[in-house]
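> here is a sequence with its predicted model. Questions after.
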Amino acid sequence: MKKAVVIIPTYNERENIQKIVPALQKVFSTVKNWDMHVLVVDDTSPDKTYEVVKEMAKKEKNVHLLQNKQKAGLGGAYLKGMAEAFTKLDADIIFEFDADFSHDPDKIPEFLAAIDGGADFVLGSRYIKGGGIPADWGFHRKFLSVVGNMIIATVLTNFSIRDWTTGYRAITKDVYEAVHPLINSERFMGYTFQIGFLNNAVRKGFKVKEVPFKFVDRTIGESKLGAEYIKNTLLYIFKIRVDDVLNNRIFKFAFVGGLGTVVQLTTLTLLRLVIPTFKYLIFSNFLVATLLSIETAIASNFILNNLWTFADRKLESNQVLGKFLAFNAASLGSVIIQLIINTLGENVIGLHDLFVVPVVGFAIDTGMLFAICGIGIGLFWNFFAYNFFIWKKK
Ligand SMILES: Nc1nc2c(ncn2[C@@H]2O[C@H](COP(=O)(O)OP(=O)(O)O)[C@@H](O)[C@H]2O)c(=O)[nH]1
Ligand SMILES: [Mg+2]
């Protein structure tokens, strides 16, 4: 039989834990096809919640206690609890569950059915049909919860999930193994752990299903959710977005290319200051300076692309020379493409002076359009050549 472990992180939940465990046991007795367990993760609560659990664990063999000496926040407690459940207790799935009766235990069979039906990750959702938040929540609390979820969905550009922040969840071992190495870091230790964990699972392509439930406010004890949660959540989701952009190959390619232009212009300026002293040069100083500055930019682009844009396909040291020559050829290809398109535009087709499109403040003539078009195709060629000839997928 497959095993499910309901993990309950607790901090000063002495009274709640006394009531919620029997409530869970009652539901467990109706579940026939899963071996159901409870694991309380207590951070040595000042109210000695762990003592109550220790007593329960003596009498009920499906109740377990993991006691941490240090308070590690919600994420810290869950990561430790998950490690214990999946490795020591040999769980197939775990639940995330609050001690405070906010999460309706009667919904557990529905979560299990969703897992049996092939879901990897089940969310107890307040924002789908059948779910809800307490009617007596004040406006600002409702607003925060609803709008907060909308902001998260928008920034993460994923509208298929309706309740990103829910703490009522079922997670399979596959999801845990794929995701926990990615988030084992300080900044996820608080409540942002929930969003971070879910976001990583979604991006790994795991199947997420939402089950509706009505969130109930706690009546005993205090919420540990503080104001810093809002700030951390916003910071976290925007950081994910910024990371996405920075990690995007096309962005890196464009950035390196732009930097290459700066390198080229800077080198050109410096060389033109220096070169007049080399009187013996055959070519005009300007041509020499231009060619040298282009080559400097090509070398800088090559190095940065190798170390950054294509870091995942970094060249072996014995490949570098050959690939650098190929890189030069590709760059030359791009210049030739641009020359051909410009020449066609200006001379062969002869559209240069045919018409001028005035755009607010300045005019774009068709020659310029061809130049822009040439640059675009040249860049496309570069990106293509880098991907398929120079930094080939291994
Ligand atoms: N072990 C542990 N549990 C925590 C910590 N912070 C919160 N919890 C528990 O996590 C659950 C959810 O916290 P709660 O304060 O109810 O958050 P809220 O429901 O979002 O207001 C409760 O069972 C808390 O006791 C922590 O730092 N360590
Ligand atoms: Mg709560």
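Yes, it's here. Numbers count the residues shown, from 1 in each chain. Ligands and ions are numbered 1, 2, ... in the order given.

> quick check, R218 in a helix?
No: counting by DSSP: H, G, I helix; E, B strand; the rest coil, R218 falls outside a helix, being coil.

> contacting residues around it?
Shown in contact with R218 (C-beta atoms under 8 Å, 6 or more residues apart in numbering): 16, 98, 100-102. For every residue, glycine as well, the C-beta is placed using N, CA and C.

> how about the strands in the stretch 251-394 of the chain?
Here the stretch 251-394 of the chain has its strands, by DSSP state E, counting those that start in this stretch, at 356-359, 362-365.

> still on that earlier bit, out of the contacts of R218, who's near ligand 2?
Among the contacts of R218, proximity to ligand 2 is found for 98, 100, 102 (C-beta under 5 Å from the ion).

> comparing the strands of the stretch 251-394 of the chain by mean pLDDT, which bottoms out?
The stretch with the lowest mean pLDDT among the strands of the stretch 251-394 of the chain is strand 356-359, at a mean of 56.

> so, low pLDDT: which residues of the protein?
Scanning the chain for pLDDT under 70 picks out the ranges 184-190, 226, 275-285, 346, 348-368.

> how close does the residue nearest to the spatial centre of it get to ligand 1?
The centroid of the chain falls nearest to I240 when counting by C-alpha atoms, centre = their mean (4.9 Å). Per C-beta to the nearest ligand atom, to the nearest Å, I240 is found 21 Å from ligand 1.

> mind listing what's buried along the helix or strand harbouring that residue?
I240 belongs to helix 228-247 when assigned by DSSP states H and E. Within helix 228-247, the residues scored as buried using 16 or more other C-beta atoms under 10 Å are 229, 232-233, 236-237, 240.

> of these, closest to ligand 1?
Of all the buried residues of helix 228-247, Y229 has the smallest distance to ligand 1: 8.2 Å, by C-beta to the nearest ligand atom.

> the closest one contacts I195, correct?
No: in this structure, Y229 is not within contact of I195 by C-beta atoms under 8 Å, at 10.4 Å.

> would you mind naming what in the stretch 151-300 of the chain lies close to ligand 1?
Counting by C-beta under 6 Å from any ligand atom, the stretch 151-300 of the chain comes close to ligand 1 at 167, 218, 223-225.

> burial check on V147, number of neighbours?
10 (other C-beta atoms under 10 Å).

> just the one 10 residues further on next, same as before
The tally of other residues near T157 (other C-beta under 10 Å) stands at 8.

> doesn't it lie inside a strand?
No: counting by three-state DSSP, T157 falls outside a strand, being coil.

> tell me the contacts of it?
By C-beta under 8 Å, 6+ apart, the contact list for T157 is empty.

> next: K26.
Shown in contact with K26 (C-beta under 8 Å, 6+ apart): P105.

> quick check: the gap between it and ligand 1.
As defined by C-beta to the nearest ligand atom, K26 lies at a distance of 19 Å from ligand 1.

> helix or strand for that residue, which one?
Here K26, judged by DSSP H and E, is contained in helix 14-28.

> that older thread, would you confirm that the residue nearest to the centre of the chain contacts W164?
No: contact between I240 and W164 fails when scored by C-beta under 8 Å: they sit 11.9 Å apart.

> returning to that earlier point: ligand 2: which of the buried residues of helix 228-247 is nearest?
Taking C-beta to the ion as the measure, ligand 2 lies nearest Y229 of those, at 12.2 Å.

> nearest spatial neighbour of the closest one, skipping sequence neighbours?
Once flanking residues are discounted, Y229 sits nearest to Y191: 4.8 Å by C-beta to C-beta, 6 or more residues apart in numbering.

> same thing with D92?
K2 (4.4 Å).

> that neighbour pairs with what?
For K2, the beta-bridge partners under DSSP bridges are W34.

> ok, now how distant is it from I93?
In this view, K2 and I93 are 7 Å apart by C-beta to C-beta, to the nearest Å.

> please identify which of these two sits among more neighbours.
The residue with more neighbours, out of K2 and I93, is I93; 26 against 12, by other C-beta under 10 Å.

> residue contacts, the more buried one?
Taking C-beta under 8 Å, 6+ apart, one finds 2-5, 115, 170-173 in contact with I93.

> can you redo these as JSON lines with distance to ligand 2?
Shown next, in JSON lines, are the contacts of I93 (distance: C-beta to the ion, whole Å):
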{"residue": "K2", "distance to ligand 2": "28"}
{"residue": "K3", "distance to ligand 2": "26"}
{"residue": "A4", "distance to ligand 2": "21"}
{"residue": "V5", "distance to ligand 2": "20"}
{"residue": "I115", "distance to ligand 2": "24"}
{"residue": "A170", "distance to ligand 2": "18"}
{"residue": "I171", "distance to ligand 2": "19"}
{"residue": "T172", "distance to ligand 2": "24"}
{"residue": "K173", "distance to ligand 2": "26"}
